[in-house]
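Visitor: what follows is a predicted protein model with its sequence.
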Amino acid sequence: MFKEFKEFIMRGNVLDMAIGVIIGGAFGKIVGSLVNDILMPLVGLALGGINFSEQVTAVNGVELHWGLFIQAVIDFLIIALVIFIIVKAANAAKKTPAPAPAAEPTTRECPHCFSVISIKATRCSNCTSELK
């Protein structure tokens with residue numbers, strides 16, 4: 001059972017997925033810091049010194065933290081933009097295979113009867129004309 005588990009863990013797609021989750025978590029922290037520590041203070045400053053993380057509206061005694069929601073939306077948009085740019089760059093970096101060379105023709109048309117014959121033929125099989 002341990003051997004099967006080891007084989008399962010050592011598969012390429014499981015390792016790739018684990019690495020992707022770890023890097024994604026770290027990337028999420030970087031983007032979160034970018035939004036919370038750099039972008040939102042600048043947006044707040046442009047809007048007259050508003051701190052979005054402190055924006056709360058109370059409705060019937062329930063606090064609605066709409067500023068945190070705006071920060072989460074901006075987080076998402078930045079992550080989506082970066083992923084779009086990465087995927088676009090990866091697709092551009094992929095080399096498209098060169099088109100296959102055109103195959104040499106194996107047949108031709110008889111100039112006398114216009115039937116299709118082998119390119120190597122010296123006489124037409126339909127009209128028996130001699131070919132050059």
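Guide: Arrived safely.

Visitor: mind listing what's buried along stretch 118-132?
Guide: Neighbour-count burial for stretch 118-132, counted by 16 or more other Cβ atoms under 10 Å, picks out C124. Heads up, the C-betas are built off the backbone N, CA and C, glycines and all.

Visitor: the helix or strand that M17 is a member of: what's the following helix or strand?
Guide: Under the criterion of DSSP states H and E, M17 resides in helix 12-33. Once the chain leaves helix 12-33, the next helix or strand it forms, by DSSP H and E, is helix 40-46.

Visitor: export that following helix to CSV, keeping only CA atoms.
Guide: Extracted in CSV, the C-alpha atoms of helix 40-46 (Å, rounded to 0.1, in the frame of the first residue of the first chain):
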residue,chain,number,x,y,z
MET,A,40,-6.0,51.0,-2.2
PRO,A,41,-4.2,53.8,-0.2
LEU,A,42,-3.6,55.5,-3.6
VAL,A,43,-7.2,55.0,-4.6
GLY,A,44,-8.3,56.3,-1.2
LEU,A,45,-6.0,59.3,-1.5
ALA,A,46,-7.4,60.1,-4.9
